[in-house]
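Asks: Structure, please.
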Amino acid sequence: MDPNETKGRIEEAEEKVNSNPDGRDLVRTAMSRSLSRRSFLGRVSTSSVAAVAGVGASPLLLSEEAKADDDDEEDSSRRARSYRIRLRAAKAERDVPPPDQVNNGDERRYHNFIGNYSQGLPHNSIGEVDPSAYEALLIAVHSGRPSDFANIPLGGNTKLQDPQGGLAFDLEGTDSGQFTIPPAPALASEERAREMVEDYWMALARDVPFSQYGSDPITAAAIGDLNKLTVFKGPKANGAVTADNLFRGPRPGDLTGPYLSQFFLLPLTFGALSVTQKFNAYVADKDYLTDFTSWLAVQNGQGPFPANVISGTTYIKCGRDLGAFVHSDITFQAYLCAAQWLLTHGAPLNPANPYLTIKNQVGVQTFGSQYILDLLGEVSNRALKAMWYQKWFVHRALRPIEYGGLVHNTLTGVASYPVHSDVLNSQAVAQVFAEFGSYLLPAAYPEGNPQHPSYGEGHGVIAGACVTALKAFFDESYVISNPVVASDDGQSLLAYTGSDAGQITLGGELNKLANNVALGRDMAGVHWRSDAEQALLLGEAVTISILRDQRPTYNQPFSGFTFTKFDGTTITV
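Replies: Residues are numbered from 1 along each chain as shown. So this is what the prediction gives:
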């Protein structure tokens, strides 16, 4: 795999956009940073999502610079005041340092682009993307021109999902190009291989009830196999993967109580509509893309693909049920339901809510129920734009199902790929072959993946954004009484009687809800753990920036919302 050949192909693609000044700027920047810089924004300094999210970086309170620039400061009309608020917000967002956008280098490392997402483009007989098709994608992401996106060839009839969405601007919150996430694990790395070992085990354990984790033979084997990995970034107890932390997230509340968040189980109401949270479930033991013919058809986007077979309705009890939920949920459904349950059950508001001290008024459009329900949709869409910028214009990372093709071709001798031995020698891969006769990752959905790159995760960034909004609106310390779990058949709710039953808090269950959703996509074979982890942080940063922009707009006396971030630190926005 000659790096010079790769460089030559990419340079040839870049040459095609040199007649466009914006394209030239982006190409020059991309060449210096692995093809991953936005043409519309310059770069100033290296930064991380955590740095971008910091409120201290660009407060929207009146700065001396902003005052000096206002030419109508004496105008007290509402129109002028509105203008000044918008202007100061725009200046503050302009001053957020644009981060370096750095990918993992796989795009330059492999001349056949095996380390990058290519589903939907044409592939050869062993599943390698047509280089000219991938180069057309590069031309489009470098130039940003709609005509170049229209020229990306497809391998079948399945369309790419909104690659231009990441270039859309917003009028509130930090611009999508001023966020970043770290490079994804490289194709040949130990971390990538070990994430894949977890994905194989998640696929094998899809039908195991959460209550049986550790006692069931499949999950017991998964725990043993994962404990052999020295670079595994899932949660551990005293350095070990256990039944209590298997396939869980690492954040406050994730390891308290049962696997599934209470917000997935408790009944709720929407106005006069009563909702029992039973969902359509997919037939057990039915996996897809375990033969090379169907796998290759998905890589080429040769649909239409059949629908999953529904077996009935159930409370979410296992990974397959959770995968079914995140396959067909509306954008922010899980968080809308959580908000509705909290509102109708009188959960206390964030102590900073001004209406806790205003005696003769109640919040509606501001600091009230209408505000939080609207905010969930607002932060969801803006978080997706930020994530789509990372997906298409920075990382273009391959999906686990694509990586499974590399594992299969390597182990069957069809090709030799730089896949780390930890996955090739794992018990999970051996068990997949014993069950399915291939080394491909068993998919939960007939279409395998959505038609956009893996890193980071769309569901995860929405989860991070919405959960952050909910933690800002409600009192995180509120204890949810009488917690429940689903029965192993999914047809009833049972009281949860664990020793930590009295420690299940609103904030912890929101963190758990976010991780259930994000890792539920991993259980379906769609994403990696690193996709989920970084997406949650990016979503959190997006919501913090929106709350920060909104703060000066209120008429009520307001000191800012204080809540706990995913890393356990406290922030006031």
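Asks: what's near enough to touch the residue nearest to Phe179 when sequence neighbours are not counted?
Replies: Spatial nearest neighbour of Phe179, excluding adjacent residues (C-beta to C-beta, 6 or more residues apart in numbering): Ala386 at 4.9 Å. Heads up, the C-betas are built off the backbone N, CA and C, glycines and all. Applying C-beta atoms under 8 Å, 6 or more residues apart in numbering to Ala386 gives the contacts Gly166, Ser176, Phe179, Val461, Leu538, Val542.
Asks: What pLDDT is listed against Ala386?
Replies: As predicted, Ala386 sits at a pLDDT of 97.
Asks: Am I right that it falls within a helix?
Replies: Yes: Ala386 sits within a helix when classified using DSSP: H, G, I helix; E, B strand; the rest coil.
Asks: quick one: it from Ser176, how far?
Replies: 4 Å (C-beta to C-beta, to the nearest Å).
Asks: Hmm, Asp216 is touching Val208, no?
Replies: Yes: counting by C-beta atoms under 8 Å, Val208 is a contact partner of Asp216 at 4.7 Å.
Asks: Give me the more crowded residue out of the two.
Replies: Per other C-beta atoms under 10 Å, whichever of Asp216 and Val208 has more neighbours is Val208, with 22 against 16.
Asks: Enumerate every residue touching the more buried one.
Replies: If you count contacts by C-beta under 8 Å, 6+ apart, Val208 has them with Asp216, Ile218, Thr219, Cys318, Gly319.
Asks: all strands for the stretch 201-350 of the chain, in order.
Replies: Here the stretch 201-350 of the chain has its strands, by DSSP state E, counting those that start in this stretch, at 268-270, 273-275, 279-282, 310-314.
Asks: re the thing from before, could you dump the contacts of Val208 to JSON lines with distance to Asp488 and pLDDT?
Replies: Output for the contacts of Val208, formatted as JSON lines (distance: C-beta to C-beta, whole Å; pLDDT from 0 to 100):
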{"residue": "Asp216", "distance to Asp488": "11", "pLDDT": "96"}
{"residue": "Ile218", "distance to Asp488": "15", "pLDDT": "98"}
{"residue": "Thr219", "distance to Asp488": "14", "pLDDT": "98"}
{"residue": "Cys318", "distance to Asp488": "9", "pLDDT": "98"}
{"residue": "Gly319", "distance to Asp488": "13", "pLDDT": "98"}
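Asks: how close does Ser294 sit to Leu121?
Replies: For Ser294, the distance to Leu121 equals 18 Å [C-beta to C-beta].
Asks: Number of residues surrounding the closest residue to Tyr117 other than its chain neighbours?
Replies: Take Tyr117 and drop its neighbours on the chain: the residue closest to it by C-beta to C-beta, 6+ apart is Pro453, 3.7 Å away. Look at Pro453: counted by other C-beta under 10 Å, it has 28 neighbours.
Asks: Then Ser477?
Replies: 12.
Asks: Ala463 too?
Replies: 33.
Asks: Which stretches in this structure count as strands?
Replies: Applying DSSP state E to the chain gives strands spanning 268-270, 273-275, 279-282, 310-314, 484-486, 493-495, 562-564, 570-572.
Asks: Just name the most buried of those.
Replies: Among those, strand 484-486 has the highest mean neighbour count (mean count of other C-beta atoms under 10 Å), at a mean of 22.
Asks: That strand pairs with which strands, parallel or anti?
Replies: strand 493-495 (antiparallel) (DSSP bridges).
Asks: How far away from the center of its chain is the strand it pairs with?
Replies: Strand 493-495 has its C-alpha centroid displaced from the chain centroid by 30 Å (C-alpha atoms, centre = their mean, to the nearest Å).
Asks: Check stretch 197-208 too.
Replies: Distance, centroid of stretch 197-208 to centroid of chain: 19 Å (C-alpha atoms, centre = their mean).
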